[in-house]
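Student: based on what follows, work out the 3D shape:
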Amino acid sequence: MADEEMGGVGGMPGKDKGELLDATAYYEKGNTYYEQGDYDRAIENYNMSVILNPNFLESYFNRALCYYNKKNYDKAIEDYTRASDIDPDNPLIYNNRGDAYYRKQDFEKSIADYNKAISLNKDYLKAFYNRGLAYACLQDYETAVENFTRVMEIDSNFSEAYNARGLAYEYLEKYEEAVADYEKALELNPDFAEAKEHLEAAKKKKSEKESGTTGEGVSAVKFMAKPKATFKDVVGMEGVKELIKEYIVYPLKDPDLARKYGKLGGGGVIFYGPPGCGKTFIMKAAAGEVGANFLNVKLSDVLDMYVGNTEKNIRNIFEAARKASPCIIFIDEIDGLGGRREQMKESAQYMRMAVNQLLYEMDGVEARNENVLVVAATNAPWDVDPALRRAGRFTKMIYVGEPDYNSRKAMFQFYARGRPVAKNVNWDRLARATEAYSSSDMKAISDDAAAFPWLEALKTGKNREIRMSDYIRAIDPIAADPIGYLTSGRKQKGKKSSLPPWYESAKKEVGKQEEVEVVEGKEIKRIKEAKMPAGEREYFNELISLIESRNKPFNKFTLWAWRFVALYQDYLLPVFLALLAVLLYQTFLFSM
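Tutor: Numbering: from 1, shown residues only. All right, here's what the predicted structure looks like:
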């Protein structure tokens, strides 16, 4: 679903357009930026246009298009509303405002706008189609079918409408009609991959219904054995452990005391942060700490190609957890299941319904979730549907970042257990050399360091201990042996931190963007607002502060120097002592 342009940007004659030439000039400049996809600059020019001419219809309309493309749907709705005040009989405005409401999952308001658009244009195909999608999201499949049928009457070659109506028929368990619609969609568009998938599934369901068999059915709910790991097995991460104890462990461990103070066990918590930092393991340790039943939900356990089965799987999981409370439901990669509905293709209606079912189970009128805690983990929290972060759902978010100094030191010591490690290994130095590395990086470095003497033992038959130089070599082979590295034919690569790509991705999503433009030979830096709306960014204040701190030049230099000194201190100390000796000698000569 995408907003329609008004006869192309700037295409429809506007009211009062010729009255103020300056307003028109800004408007046309804004159109140029819009066509280039530079929505921020386009908005700046449309702003000037409406200041100079407050009744400039197209400027409000096109500014709304910019906000819509930036996913700032509230601002888009404001501008479409202003445009409708100027031109109340324009169906395009109401259809586009309906699209913005749809993206906000406010389906009742979107339907009201589609109704208005259709009242002004009885053959408005997109308004009928979009209204059908909105009714489907409200699970009113009969009305959705009526709207998709009207679309086909207007354009019998619209393959998306046949596919959408087929999905609605599947939810109504009218498999014969669904099969016919999917076949028609493929006849019109042979490359329609989704229609192919649904066709096969619908045919199988139709066959099962006719034969009276149950087919694949929904996934059985299987509880994991209560995790044996506890926080004693989690190295470091003391700050995160304390938050987990407050949000998860204490309410479930002593529910009567928690209830007395209004701290009911249950609800939802999202662990987010870079990959490889222990989100999944620390959650299992929390379950072991409580002694609660534990449901480890994988996407493969929930997602089902058969329409309706994904929702049934979600419902079964929650019902099983309620019967076995106290229970922790752990959903890894929640963004794969509870992704933003606004970013899903219109044809992916079944995934929208899965998100709706998850929302219903977490806070619907029949949700009885006391002592049922839903914990989710994700590396991409910005892709999680905002509705899941509202009150009563995943109301708490815990950032699990890279391990701190003490945690890194403890991790190296932990991974050295059971291995022949030399007594003079400097764990403090290793912790300094791996500042801003992930937990999984510590393990990889430890494994690589152990591999060097192991391979030597295989070749020579002589065993030796894992030395400090092996660890340094695993991180930076030049620091371990500069001459050997330069004379070696095969250049070994050291272990760099795996986190920078994730932080870059996070910055693009939640942080402000800096871009450089060359104007008349001069470089001009511009700060662009983050993709994410300001209201949502509040959930990520801790991450935003961390990103801003890491990007400061002084902090970047400090991090580099801290690592460099830790890695090359064997060479820096003699150099420093030599320089100090020269300085003392010069001072001595000067004093003579």
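Student: which residues of the stretch 51-200 of the chain fall in helices?
Tutor: For the stretch 51-200 of the chain, helices defined by DSSP state H, counting those that start in this stretch occupy the ranges 57-69, 73-86, 91-103, 107-120, 125-137, 141-154, 159-171, 175-188, 193-211.
Student: got the buried residues for the second one?
Tutor: For helix 73-86, the neighbour count (16 or more other Cβ atoms under 10 Å) marks 73, 75-80, 82-84, 86 as buried. Yep, even glycine has a C-beta here, placed from its N, CA and C like the rest.
Student: what of the longest one?
Tutor: Buried positions in helix 193-211, judged by neighbour count with 16+ other Cβ under 10 Å: 194-195, 198-199, 201-203, 205-206, 208.
Student: so can I have JSON lines of those residues showing distance to residue 564?
Tutor: Output for those, formatted as JSON lines (distance: Cβ to Cβ, whole Å):
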{"residue": "194", "distance to residue 564": "52"}
{"residue": "195", "distance to residue 564": "57"}
{"residue": "198", "distance to residue 564": "57"}
{"residue": "199", "distance to residue 564": "60"}
{"residue": "201", "distance to residue 564": "57"}
{"residue": "202", "distance to residue 564": "62"}
{"residue": "203", "distance to residue 564": "64"}
{"residue": "205", "distance to residue 564": "63"}
{"residue": "206", "distance to residue 564": "67"}
{"residue": "208", "distance to residue 564": "65"}
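Student: which one of the helices of the stretch 51-200 of the chain lies nearest to residue 562?
Tutor: helix 57-69 (42.0 Å; Cβ to Cβ).
Student: surely residue 269 and residue 247 touch.
Tutor: Yes. When contacts are counted by Cβ atoms under 8 Å, residue 269 is listed as touching residue 247 (5.5 Å).
Student: which neighbours do the two share?
Tutor: 396, 398 (Cβ atoms under 8 Å, 6 or more residues apart in numbering).
Student: pick out the shakiest of the helices of the stretch 51-200 of the chain, pLDDT-wise.
Tutor: When these are compared by mean pLDDT, helix 193-211 comes last with a mean of 80.
Student: how's this structure carved up into domains?
Tutor: 21-211, 231-399, 403-498+552-592, 500-551 (automatic domain parsing).
Student: my guess is residue 271 is in a strand, correct?
Tutor: Yes. Assessed with DSSP: H, G, I helix; E, B strand; the rest coil, residue 271 lies in a strand.
Student: which residues touch it?
Tutor: With Cβ under 8 Å, 6+ apart, residue 271 has these contacts: 279, 282-283, 375-378, 398, 400.
Student: quick one: the strands in the stretch 201-350 of the chain?
Tutor: Taking DSSP state E, counting those that start in this stretch as the test, the strands found in the stretch 201-350 of the chain are 267-272, 293-297, 327-332.
Student: partner strands of the last one, with direction?
Tutor: What that stands for is strand 327-332. strand 293-297 (parallel), strand 372-378 (parallel) (DSSP bridges).
Student: what's the answer for the first one, then?
Tutor: In the sheet containing strand 267-272, the strands it pairs with under DSSP bridges are strand 372-378 (parallel), strand 394-399 (parallel).
Student: returning to that earlier point: so can I have a markdown table of the contacts of residue 271 showing pLDDT?
Tutor: Output for the contacts of residue 271, formatted as a markdown table (pLDDT from 0 to 100):
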| residue | pLDDT |
| --- | --- |
| 279 | 86 |
| 282 | 86 |
| 283 | 83 |
| 375 | 87 |
| 376 | 88 |
| 377 | 89 |
| 378 | 89 |
| 398 | 86 |
| 400 | 89 |
